[in-house]
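J.: pasted the sequence and its predicted model underneath.
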Amino acid sequence: MIDYRKINIDIIPIILASIAAITVSAFARRIILEMGYDTGTANLAFLITLGICVVAYLVIAVIFGHLTAKVFNTWIIPLFLFIAKLLPKKKETTLQVIEDNDTPNEKEEIPKQSTESIRQNYTKLYIEKQTAKINLFLKYSQWTMVSYITLDEMLLLDECIRCYAFEESLPEGIITISPIKLKNPDMFHFGWNMTNYFGFPKHDVVPWLQQVFTELQELEYSTIYGKLGHTPTGKQTIPIIDDIPKYLAELNI
């Protein structure tokens, strides 16, 4: 917001003269247009009139400079400054707080929180929340897979799940996992349970499944995607679970 009280008084005559010159030039341009001339001629008339006004102002400033200055200093400038004083002051936006150990008159300004600080706090809260969610799913994963993969494979699977939850790429050159006694539909269900739990798009989990489980590497993307939430005929070792927290609570895990 402009503070009009800080305007240099020497600029006021120039501002007023500029407004008057532009107004007169615009009026001249309008007259030319009403007389039937084209826009180019009207614009030329505007520029010529503006130039004449500028020259006239300079002549007046040189010849009657003293008188003009007296008029401005005596009447116009005091009136302008009086109006400026009536304008509302800009409100201070700095927040202040009274410390518990201070007297009522002692106040300390609270510095504005920087964008970087806000971003860091948000990132910290997101990581904490996502970590708690990951740990819960790892309980499900370990309970479900412990009988079908080795300890090293379990540790690798935990790491791959963390990468998926934080939307990070899997480590390069990882050794794929080969669960025993599990069929492809079981791993489809495991992938669907994971993506449903974290709330990510279903198509994102397909490449993850193909990178993690050996038996799924040779399957087509469309085959895996089409069977993620599909329950085939016959009993499956890993069922589809819509609510992982409720499922674990029922098992007292």
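T.: Cool, got the structure. Residues are numbered from 1 along each chain as shown.
J.: right, and residue 137 touches residue 241 too?
T.: No: under the criterion of C-beta atoms under 8 Å, residue 137 makes no contact with residue 241, lying 10.8 Å away. (Glycine included, C-beta is placed from N, CA and C.)
J.: between the two, which one's more packed in?
T.: The neighbour comparison of residue 137 against residue 241 (other C-beta atoms under 10 Å) goes to residue 137, with 21 against 17.
J.: please give the element, helix or strand, for the closest residue to residue 50 other than its chain neighbours.
T.: Setting aside the residues directly before and after it, residue 50 is nearest to residue 25 in space (C-beta to C-beta, 6 or more residues apart in numbering), at 4.1 Å. Residue 25 belongs to helix 11-34 when assigned by DSSP states H and E.
J.: please point out which parts of the very next helix or strand once past that helix sit buried.
T.: Beyond helix 11-34 on the C-terminal side, the first helix or strand identified by DSSP H and E is helix 39-63. Judged by neighbour count using 16 or more other C-beta atoms under 10 Å, the buried positions of helix 39-63 are 42, 45, 46, 49, 50, 53, 57.
J.: what of stretch 242-253?
T.: So stretch 242-253, judged by 16+ other C-beta under 10 Å, has buried residues 244, 247, 248.
J.: tell me what angle the helix holding residue 25 forms with helix 39-63.
T.: Inter-element angle recorded for helix 11-34 and helix 39-63: 150 degrees (by axes from the mean of the first three to the mean of the last three C-alpha atoms, to 10 degrees).
J.: and helix 11-34, what's buried?
T.: Of the residues in helix 11-34, those with enough neighbours to count as buried (16+ other C-beta under 10 Å) are 13, 17, 21, 24, 25, 28, 29, 32.
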